[in-house]
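K.L.:
Build me a model from this:
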Amino acid sequence: MEAGALTRAIHQTTLDESRWPSVIEHMAQYLGATGAYLFSALEQTGPRSFGYTYEVGADMNARYRQYYHQCDLLLQAARERGALVAGSVVNSTTLVAEPTLLQSEFYNDFMRPYGLRHAMGGILTDEQSEALGPRTHLVFWRPPGGEHFECADEQRLAALVPDLQQALTAHWKLRSRGLLGDTNEQWLAQIEQPVFILSRGGRVLYSNAAAQSLPQQYRGIGVRDGELCRGDGMTSVLSQFDALTGSIVLLPAVEPDVPALQIIPLRPAASTQSLFCWFPRAAYAVLPLTEKRSRADAIRAFAARHRLTDAESRVLALLVCGKAPKEIAEQRNLAIHTVRAHLAHIFQKTNCTNQVKLVTAVLNTPRTY
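P.N.:
Residues are numbered from 1 along each chain as shown. So this is what the prediction gives:
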């Protein structure tokens with residue numbers, strides 16, 4: 001699964017928590033990991049916790065909470081370095097010296113029995129973040145004898161972290177009073193992700209504040225005569241896909257002013273019970289996908305703030321997309337030493353010490369609209 005499809009899958013978890021295992025599996029494959037673990041550290045299992053695994057023992061979560069969190073060298077090292085900040089990516093290779101880790105109780109009694117050796121994690125929420133849920137990490141693993149996670153792997157994960165954070169934060173806001181099924185319109189209004197709820201006939205039953213502001217940002221979307229319309233001719237969204245489909249539909253973006261739409265057919269289930277309670281005629285959840293534009297905006301804003309040249313900005317844009325310096329050189333038809341020189345100048349201007357910190361800083365740049 002490529003990065004764009006992963007981003008769309010990540011945002012589907014906002015309204016349907018059951019999609020997390022599939023998302024984690026595809027992310028692990030994308031990052032070349034043999035296992036993955038989404039967990040809310042030290043939170044008791046229940047409606048305020050996550051504990052999804054991919055290709056690791058199902059009892060791992062309980063064993064960690066019961067005892068092994070006390071001797072987690074990797075977590076302790078990350079905390080000491082101030083790396084447990086929402087939005088950051090950490091790599092076990094840089095946290096603890098290999099001899100120290102291999103001789104530790106945590107590795108020999110906990111990691112090794114599960115076939116875990118190299119770890120790379122994204123810090124999605126922390127104790128200081130605005131998310132309503134507890135600290136939540138998404139960690140990827142490679143086995144003993146496997147390759148270390150490289151800088152390019154960290155960049156790929158860092159590029160997805162903002163989308164993971166947005167989906168997770170929106171989901172916690174829906175679960176803030178217990179379960180997702182307890183939500184109401186007021187809580188839906190708090191979600192930063194634009195959301196439209198449509199009837200089977202295409203009528204807009206509900207749109208939150210973020211969705212209502214979209215016509216100010218994009219001329220190619222709006223509500224006409226009660227229906228959600230899109231495109232140069234502003235035709236009904238319902239006419240742009242097979243309304244009888246039971247599968248998720250993606251209507252691609254049309255530059256410059258028509259955003260992509262992800263259309264999720266709604267079915268009665270535990271995760272959608274509240275939507276049918278408040279919107280009995282609900283048939284589709286429509287999520288405008290504006291992440292590509294906001295990412296481009298973030299790159300432009302970051303480049304302008306730090307007075308990067310046009311050449312430096314082009315290198316930065318490819319770096320944020322997960323390209324390694326060698327790939328950037330090939331794509332831009334540049335010598336590798338020229339790309340490295342541009343990167344050195346970017347590091348100097350931005351006070352970033354490595355590529356991962358640079359990508360994280362770019363993606364955390366506030367949107368300009």
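K.L.:
Could I have the CA atoms of stretch 330-338 written out in CSV?
P.N.:
Once non-C-alpha atoms are left out, stretch 330-338 reads as follows in CSV (Å, rounded to 0.1, in the frame of the first residue of the first chain):
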residue,chain,number,x,y,z
GLU,A,330,18.2,11.1,-9.4
GLN,A,331,14.7,12.8,-9.6
ARG,A,332,16.1,16.3,-9.9
ASN,A,333,19.0,15.3,-12.1
LEU,A,334,21.5,16.7,-9.6
ALA,A,335,24.8,15.4,-8.4
ILE,A,336,24.6,13.8,-4.9
HIS,A,337,27.0,16.3,-3.5
THR,A,338,24.8,19.2,-4.7
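K.L.:
can you list contacts of it?
P.N.:
314-315, 318, 323, 325-326, 328-329, 339 (Cβ atoms under 8 Å, 6 or more residues apart in numbering). Every C-beta, even on glycine, is put in place using the N, C-alpha and C of the backbone.
K.L.:
Mind giving me the PyMOL select for the residues you listed, buried ones only?
P.N.:
Per 16 or more other Cβ atoms under 10 Å, the buried members of those correspond to this PyMOL selection:
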select buried, resi 314+315+318+323+325+328+329+339
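K.L.:
distance between stretch 307-314 and the chain's centre?
P.N.:
Per Cα atoms, centre = their mean, to the nearest Å, the displacement of stretch 307-314 from the mean C-alpha position of its chain is 26 Å.
K.L.:
In it, which residues are buried?
P.N.:
Applying a neighbour-count criterion of 16+ other Cβ under 10 Å, the buried positions in stretch 307-314 are 308, 312-314.
K.L.:
before we move on, what about stretch 197-213?
P.N.:
Buried residues in stretch 197-213, counting neighbours by 16+ other Cβ under 10 Å, are found at 197-199, 202-208, 210-211.
K.L.:
Which ones among the residues you listed map onto strands?
P.N.:
Among the buried residues of stretch 197-213, the members found in strands (DSSP state E) are 197-199, 204-207.
K.L.:
hmm, back to that, Throw the buried residues of stretch 197-213 into TSV and include distance to residue 65 and pLDDT, thanks.
P.N.:
Formatted as TSV, the entries for those read as follows, by distance: Cβ to Cβ, whole Å; pLDDT from 0 to 100:
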residue	distance to residue 65	pLDDT
197	37	87
198	41	89
199	44	87
202	47	86
203	47	87
204	44	87
205	41	82
206	38	81
207	40	83
208	35	80
210	35	78
211	38	84
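K.L.:
Using a markdown table, lay out those residues together with distance to residue 150.
P.N.:
Conversion of those to a markdown table gives the following (distance: Cβ to Cβ, whole Å):
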| residue | distance to residue 150 |
| --- | --- |
| 197 | 43 |
| 198 | 44 |
| 199 | 49 |
| 202 | 47 |
| 203 | 50 |
| 204 | 46 |
| 205 | 47 |
| 206 | 45 |
| 207 | 43 |
| 208 | 40 |
| 210 | 36 |
| 211 | 39 |
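K.L.:
Going by the annotation, which residue ranges form each domain of this protein?
P.N.:
Domain assignment for the chain by automatic domain parsing gives 3-174, 184-289, 294-363.
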